[in-house]
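*Asks:* Quick one, what's the 3D model for this:
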Amino acid sequence: MAITEIISNKEEYRRKVDKREIPTCNILGVNIAAINMQWLLNYLNQKVKNEAGNLLAG
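*Replies:* Predicted coordinates for the structure are as follows:
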């Protein structure tokens, strides 16, 4: 993919993750994801199941 395609597609990108679902902690004024491996695996497992259902139904 050429850099011009990436720039032109930038407006089309739509985030699929609701950032409010991810626990954070504030470190020096920056919100950092405060997760561990088990939380991440559970989150990804749930999201993959939801997305797979959407793909199979379509």
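*Asks:* where do the helices sit along this structure?
*Replies:* Along the chain, counting by DSSP state H, helices occupy 3-9, 37-57.
*Asks:* Lowest average confidence across those, which one?
*Replies:* Among the helices of the chain, helix 3-9 carries the lowest mean pLDDT, at a mean of 59.
*Asks:* didn't Y43 look like it was pressed against E21?
*Replies:* Yes: judged on C-beta atoms under 8 Å, Y43 makes contact with E21 at a distance of 7.4 Å. (Glycine included, C-beta is placed from N, CA and C.)
*Asks:* These two - which one has more neighbours?
*Replies:* Y43 (14 against 9; other C-beta atoms under 10 Å).
*Asks:* Could you measure from the more buried one over to T24?
*Replies:* From Y43 across to T24, the span is 14 Å (C-beta to C-beta, to the nearest Å).
*Asks:* ditto for L41
*Replies:* Counting by C-beta to C-beta, the gap from L41 to T24 is 18 Å.
*Asks:* Distance of M37 relative to N26?
*Replies:* The value you get for M37 to N26, if C-beta to C-beta is used, is 22 Å.
*Asks:* Oops, could you answer that again for L40 instead?
*Replies:* 20 Å.
*Asks:* For the two, indicate the residue with more neighbours.
*Replies:* L40 (12 against 9).
*Asks:* Assess the claim that A33 and E21 are in contact.
*Replies:* No: using C-beta under 8 Å, A33 is not in contact with E21, being 10.6 Å away.
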